[in-house]
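>>> based on what follows, work out the 3D shape:
(chains A, B, C and D)
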Number of protein chains: 4
Amino acid sequence: MSTILPGTPFDLNVEDGEDGDHLKEECGVFGIIGDSDAAAHTALGLHALQHRGQEAAGIVSYDGRQFNSHRGMGHVSENFNNEAVMDRLTGDMAVGHTRYATTGGTILRNVQPLFAEFDFGGFAIGHNGNLTNALTIRRELQRRGCLFQSTSDTEVVTHLIAISDENTFEERLIDALRQIEGAYSFVCMTNTALIGARDPLGVRPLVLGKLDKAYILSSETCALDIIGAEFVRNIDPGEVVIISHEEGLRSLKPFPKQHPRFCIFEYVYFARPDSVSEGNSVYEVRKRIGAELAKESPVDVDVVVPVPDSGVPAALGFAAASGIPYELGIIRNHYVGRTFIQPTDKTRHLGVKRKHNPNKEVLAGKRVVLVDDSIVRGTTSTKIVEMVRQAGATEVHMRISSPPTAHPCFFGIDTPDYDKLMAAQHNLAEMAKILGVDSLAFISIDGLYKAAGEAKRSGEHPQYCDACFTGDYPLPLTDKNAGSQPKQLSLLSEERQTR
Amino acid sequence: MSTILPGTPFDLNVEDGEDGDHLKEECGVFGIIGDSDAAAHTALGLHALQHRGQEAAGIVSYDGRQFNSHRGMGHVSENFNNEAVMDRLTGDMAVGHTRYATTGGTILRNVQPLFAEFDFGGFAIGHNGNLTNALTIRRELQRRGCLFQSTSDTEVVTHLIAISDENTFEERLIDALRQIEGAYSFVCMTNTALIGARDPLGVRPLVLGKLDKAYILSSETCALDIIGAEFVRNIDPGEVVIISHEEGLRSLKPFPKQHPRFCIFEYVYFARPDSVSEGNSVYEVRKRIGAELAKESPVDVDVVVPVPDSGVPAALGFAAASGIPYELGIIRNHYVGRTFIQPTDKTRHLGVKRKHNPNKEVLAGKRVVLVDDSIVRGTTSTKIVEMVRQAGATEVHMRISSPPTAHPCFFGIDTPDYDKLMAAQHNLAEMAKILGVDSLAFISIDGLYKAAGEAKRSGEHPQYCDACFTGDYPLPLTDKNAGSQPKQLSLLSEERQTR
Amino acid sequence: MSTILPGTPFDLNVEDGEDGDHLKEECGVFGIIGDSDAAAHTALGLHALQHRGQEAAGIVSYDGRQFNSHRGMGHVSENFNNEAVMDRLTGDMAVGHTRYATTGGTILRNVQPLFAEFDFGGFAIGHNGNLTNALTIRRELQRRGCLFQSTSDTEVVTHLIAISDENTFEERLIDALRQIEGAYSFVCMTNTALIGARDPLGVRPLVLGKLDKAYILSSETCALDIIGAEFVRNIDPGEVVIISHEEGLRSLKPFPKQHPRFCIFEYVYFARPDSVSEGNSVYEVRKRIGAELAKESPVDVDVVVPVPDSGVPAALGFAAASGIPYELGIIRNHYVGRTFIQPTDKTRHLGVKRKHNPNKEVLAGKRVVLVDDSIVRGTTSTKIVEMVRQAGATEVHMRISSPPTAHPCFFGIDTPDYDKLMAAQHNLAEMAKILGVDSLAFISIDGLYKAAGEAKRSGEHPQYCDACFTGDYPLPLTDKNAGSQPKQLSLLSEERQTR
Amino acid sequence: MSTILPGTPFDLNVEDGEDGDHLKEECGVFGIIGDSDAAAHTALGLHALQHRGQEAAGIVSYDGRQFNSHRGMGHVSENFNNEAVMDRLTGDMAVGHTRYATTGGTILRNVQPLFAEFDFGGFAIGHNGNLTNALTIRRELQRRGCLFQSTSDTEVVTHLIAISDENTFEERLIDALRQIEGAYSFVCMTNTALIGARDPLGVRPLVLGKLDKAYILSSETCALDIIGAEFVRNIDPGEVVIISHEEGLRSLKPFPKQHPRFCIFEYVYFARPDSVSEGNSVYEVRKRIGAELAKESPVDVDVVVPVPDSGVPAALGFAAASGIPYELGIIRNHYVGRTFIQPTDKTRHLGVKRKHNPNKEVLAGKRVVLVDDSIVRGTTSTKIVEMVRQAGATEVHMRISSPPTAHPCFFGIDTPDYDKLMAAQHNLAEMAKILGVDSLAFISIDGLYKAAGEAKRSGEHPQYCDACFTGDYPLPLTDKNAGSQPKQLSLLSEERQTR
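Below you'll find the predicted structure:
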């Protein structure tokens, strides 16, 4: 879920953020029906999905009588750690959301799940993805007299349901889904059902699990693992599942079948290594990318060093394939929180060291290949290379387990503009020079596809969405093409929740 | 502004509340345009109106570019005491609201001013009063597909404006006002204007002030005093004033003229004694009530003792008229906050003493008349009488500066149901017995009207709304008569803001 | 209890403080033994003593096994309002303290009761007053190797007990008391007893009460009233009472008898009007001062207006004696908390209005006499006079119910230096001019003594300590005369507790 | 630094603690002199030492005029993340401390650095280690009249300095050090100098670094790395270094030379892998332990899986030596904070999953050897083994990179009593059965010594303190042998700081 309207940025120091200079997955979603501990399981599930969004989290439960909600800034474990909160979230149904906010908009009103009270009942919705015609619809709805309470793209869905001419909730929901464009995995809840919906291309993930009689919907399988649930299947692209006490699970396919385009970057970085995405072990795909990379761009060095933590599986694959020893040449300090000491003039240059420290014994006098998952702005990578050299490495090479990230994502990933994307501004040689490495190589598109299963299908229907590498966007960019800009005049700068 | 939907009660211990067993005014409103310190002046104004609502406060300012808001639970001085908050509330226009919440609904979403983003700009609204057909309208709007973000009656106004077929904002506003029934003093703000509106009967107060070139709207004149503004005039019943930089103040009278019915209880208890309401000094009216009371129901005692603080002016009037010495026989502890030590079994009986202590020297061996403003449930009064007797008073009489409160208010005052109103359940003799007094008398309706100016006009157009004494409601009770009950199925129990 | 070492001032805006431009009583003390709800009763007692110190509060209880403490910045009701805190303060003995801090030193380490662990058991002590040789003793003890944990004068007592050569606790305590000089009412607790001690001149108050089998010690009788305890007697000057389960109450008189010198300012301002101090009703003394004042310095005006709240009883006495009507010409806003909106350039001049508002109807066109209790710096009074004039008063006279405050107090009251005391810098005519009044008069010393009982005894043994008016200090000022200045080099600036 | 007196336990759920079932290092110390950003560098240094104590952190700086301190519960980054705090910690000298508290005593009074104000100046002290005769000395000092403000063993040092008969600070410090027994690395600060002191056996680490002209003392070299300082040398066992602006660094050796006994567990678990301890790279020692273990106790399996994060280096060594592939079979969730959702009845069994998730693709159908650093209670290990089996492993073997932990530590490490130490209660076969593994092996004492450099020296002077494995305590256990128990009668249960 992305934020439509720009606003006051949350006071996160990007460089000290959870994962430094990486693309940010924008959300994780989770839902459960049929378990008397629905909210507690949802909190655990969201905790397992914490890597998909660290800035806010929320849960809405339904207990047959009323909906109960708790939402807050910060980690899942910060918001759902006291009994009073959990005791209030009664019911055997719950949906939850964990969120990374793009610049503008980390205000409590935007924290999901969003809740709406329809004439015919309540409705909670959590969204992973991004709607590409939300602004266009929003304006039309505002012209009709709809009042929006958030600046989130997701809210257009609730209004479209509310004003639909259809009769049943199911028909209204499908009516709404037919009007929106973009990438979405929705987990929703009404007074009677848990609902999952995935966009026709299946860009973002959504899986179905079971725990005794309870059904679970989740962005990734690792959230099934944490509560001891079994993985049942993926929700299909374009599928809507409606799970109620009365009728169990019903599957609807309201859209014409299309060629799926799952986000290949989920394999590269977003998904947790212990998840199984679209049938593949994320860990194994990453190792295979590392192995491919070793084949495509071998290098004669003494040690393979991962940039922790995201570079670890690819580095293991690279080391195994190349026969070069794998060593922990960089130690990551896991105590880095969301905020820290403001750098002073004398400590500003220490930046990256708050999180990474060179393990000199491993690096000194060695030829080193660093393996990382991607390069976005290149700022952190440059500092890491410099740090490794200062620790005594005689050569520093870099191998990246994704192709150059040269295009922004409009489908739910926070990416900087073209002018901040290193690969959009520089060729390989220039990048190597800026980074200060002796050599630099990225996995090829084909290498990446092969690691994920098979070579890229030619023609207009490749297996994955790889737009951030290729610029081939599989979905219309209606808002963008209309030059839609959020209306600024009446913008509300609201208090942000402080902890 | 009252809350439509029942919900989780705020954890106020009613007995330890600000004013114990009193009716609660539900809100104070304030607005200013044309002053570069708009938010600071609004905070001071709200502080002067604090007695009209102690549970939450909010300010929305507009700086020509965007609206800025801060709202929170608690007193004005608790929410607007730090520079960071005030610095964010830029602009030369602001509206503010201080609120008492009825049972159900002190959640942050309901704290006013409410904000809405229309197709044509932003809109903030604060409301003192209560709409009597809000539920009926809300249902109709929900059936149309309008989504409500609060449980407040005030929000129907924003939706009515949003969906109005009229063109200009002014026409839309009047269109909306024509559809609502009830008591209201609104202070609103758009991108270009500060707006005040008072219901056709003028049940709740609203005054206009000026500070240099800035215009001010306020519930009471005491909020003009605190910022050094001069009182210009009352907003007339049924008047809408629109104040903009371009056009200055314009006055509209969109309703047919009606006989005004200002709330007479404002004189008895709600208004601050240093305010001038509808042309009368509240302090002087109260003193005159005391004097009338001494004439109507004299008593042969040694001392006149006010129940502090609300009984003080009437007690002064009673003492002056009767020639009996006025003495501070009860000392009030002003340090009582909103919460305090939970009573244990051994301290529970101490209840009233946290706030009131007898001044034994004044009471011991004396015949005492206690003067208080009203009796609602009678619980606190009973304890005070007992306390005064234990301090050694030989006789305890009670004189009340309002008629018996026998009917609930539907126009913006929080009143208990009939079964909790002592005067609805008991006759005078029974009340005296329960209270434990040697004699009990209330001011007569006519005495009260006379103290406020002149005897009550007979026929269907008396000068004031006195429904809480007489049951004569001057406005239709549409929701009540329709038996409207809030729809419960989809009710959202949301986190309350905790401090 | 005063603070020895200067330090970081607490961020109280003095002008917005609880009582503006007044001398500040520095502490209230309370103790109880023999009641299973000891801590709850202590919290209520401290709440009744809140006027004696609003910046911090603490309670230490003893449950036969261990001492339990809770201390915090802010009001009693803010610190002792949650069950978890109260549940931890188990035991049938407790001592409590409420504190006003002089500049420097409102850090948590200084909040009383102080606790010390002796070789032979634990010890908690709360202190009202100020030791005048504490610095001198402290240095000597530091030279011996004693380590101090607070910057409070009270801590020397615990060290003197710890290093005493005597054997029993009782002998050690008396040994310590014999070494200290100054004003003190101590309430202490050991593993076996509650102890009260009052300095030989009885400068500060201490009373004994009883509630069933429980004994209570308190600064004032109003704290007995709040818990329903009966007043037994004053603790005598120079008396030490030791109350234990085994031996009940034992009274020791370890000092040679001296002429008592109770602080006469307790009558003027410090004590609560409903307290009985040294046998006199404070309220009645204040009314008599007002009556004396009317006799000594009559004035031909239309209304007597108290400066609320402290001027009220004297104004009532003045009005009754003069026959001039008493009117509430100034309304006080009781919602003023400890902090509030930082004044901006445009709102700074509004200052006094946050707390006081003129009641124009009473003042306009009238000749007014304002009655207040004292003038310290004169800043607030000047603003009030100006405010009253702006409200339309044609003449403004001022009558003060204490003699000119021309000397600082060294016995437990926070007073500004000579250069800030208006009466130390100016004669009556100058003061009247600065204040902007048409006439100004203070009660005479003799008038004050008479109101308190009888005319001032001539010679070296007057009945009261009136040093702040006369400069006649009844106790040695050892530290001051030694020019003792706290040692600054190793001063610790510690975190202050923030709420 | 350990806590002498038992008290209320901090509400940490041990199982959800930072490192589950591990021995806990009790402290990290850091000090700097000669850098204008002393406090900021100290905060960064403590952040790098966070693994040595996560429950509280403090810094005291000295600015030539006064000492400034800030201490709080929680992580370094939580306590030193706002400008207001850092701005107050002025000066070019600072000492800092990060702390793990044993049961009893995480109250703010105990959070270090402790501060004392001597007759001749201020003194701040931070301590890593534990004094074994602190209780004995404390009693003696209390009998003399010394009053203790904390329950920490470290405070005896300040009192011994305060009462020393010596003249200069230096002589007093050495006088004090000569009286204490136990393990200690002190970092202290006076008005003129930064001081480091290490006990004669050098049980706990302390290193010296330099950054431009500034000297740094730190528990580990990783804290030098984070601020870009260079490692100069270890502080020698028994050495006292005094670093002042005037005299630079002076080294004293006040004790007779002894055979050093550095804590060998620092290599196994406590130290960060990127630190260099007593000349050895911790990472390399751990890898060598893994290699030794593979030689000593080989096993025929398909994959080597580390228990993250502490088992990683040994697992790499094991994999390299055995030729068996290294795989991330267990994924650790780094978002686990200090508190989390209270387990309900239905979620309690999920326990370990909050932190560890099996990577099924790696484990299913495989024979697995898990490599971990130590087994203390065995509870977490048992759950991990079960989890790995449920993920489909056909065999689960376990190899531990330390000998069986069969004896408690008295030198600064928090260890459970004998009855909770699995290796003290069970033989190898029993342990394997309880853990549910197919085979279990620990590194031998000799293997461990060899990995750290050379085989264990026979006789009474081995190279390391290995008491937790062997029960051979190199220092007298005076308190323990005296059966010293803290005196309970006067124990103070104080408020714990809550965040």
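>>> okay, CA-based contacts and neighbour counts for the rest of this
Will do.
>>> quick check on A:Glu266: phi, psi?
Note on A:Glu266: its backbone torsions stand at phi -60, psi -40 [degrees, to the nearest 10].
>>> nearest to chain C: which residue in the stretch 151-300 of chain A?
Closest residue of the stretch 151-300 of chain A to chain C, Cα to the nearest Cα: A:Thr151 (30.3 Å).
>>> now swap in the stretch 101-250 of chain A and tell me
The nearest approach of the stretch 101-250 of chain A to chain C comes at A:Leu108, 23.0 Å away (Cα to the nearest Cα).
>>> and that residue, how many neighbours?
Per other Cα atoms under 10 Å in any protein chain shown, the neighbour tally for A:Leu108 reads 19.
>>> quick check: the residue of the stretch 151-300 of chain A closest to chain C touching A:Val111?
No - with contact defined as Cα atoms under 8 Å, A:Thr151 does not count as touching A:Val111 (10.2 Å).
>>> now do the contacts for A:Asn333.
Taking Cα atoms under 8 Å, 6 or more residues apart in numbering or on different chains, we find A:Asn333 in contact with A:354-357, D:48.
>>> typed the wrong thing, it's A:Leu224
By Cα under 8 Å, 6+ apart, the residues touching A:Leu224 are A:45, A:209, A:216, A:218, A:230-231.
>>> ok, and it, which helix or strand is that part of?
Per DSSP states H and E: A:Leu224 is located in helix A:222-226.
>>> can you check A:Ala319 too?
helix A:312-322.
>>> same for that helix, what does it pack against?
helix A:282-296, strand A:303-306, strand A:367-372 (3 or more Cα pairs under 8 Å, 6 or more residues apart in numbering or on different chains; DSSP states H and E).
>>> average pLDDT for it, rounded please.
Across helix A:312-322, the average pLDDT comes to 98.
>>> relative orientation of it and helix A:282-296 in degrees?
Put simply, helix A:312-322 runs at 40 degrees to helix A:282-296, going by axes from the mean of the first three to the mean of the last three Cα atoms, to 10 degrees.
>>> okay, the angle between helix A:312-322 and strand A:367-372?
Per the same axes, to 10 degrees, the angle that helix A:312-322 makes with strand A:367-372 is 140 degrees.
>>> neighbouring contacts of helix A:312-322?
Residues from elsewhere that reach helix A:312-322 (Cα under 8 Å, 6+ apart): A:283-284, A:286-295, A:298, A:304-306, A:325-326, A:370-373, A:401, D:328.
>>> pull out the buried residues from it.
Neighbour-count burial for helix A:312-322, with 16 or more other Cα atoms under 10 Å in any protein chain shown as criterion, is recorded at A:312-322.
>>> can you show me the CA trace of that helix as CSV?
The C-alpha trace of helix A:312-322 is given here as CSV (Å, rounded to 0.1, in the frame of the first residue of the first chain):
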residue,chain,number,x,y,z
VAL,A,312,24.4,-14.2,2.8
PRO,A,313,22.5,-16.9,0.7
ALA,A,314,23.9,-15.7,-2.6
ALA,A,315,27.4,-15.5,-1.1
LEU,A,316,27.1,-19.1,0.1
GLY,A,317,26.0,-20.1,-3.5
PHE,A,318,28.9,-18.1,-5.0
ALA,A,319,31.4,-19.7,-2.6
ALA,A,320,30.2,-23.2,-3.2
ALA,A,321,30.2,-22.8,-7.0
SER,A,322,33.6,-21.1,-7.1
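>>> I'd like the next helix or strand past it.
With elements assigned by DSSP H and E, the helix or strand that comes after helix A:312-322 is strand A:330-332.
>>> still on that earlier bit, okay, buried residues for the helix holding A:Leu224 please.
A:222-226.
>>> mind listing what A:Glu230 touches?
By Cα under 8 Å, 6+ apart, the residues touching A:Glu230 are A:209-211, A:224.
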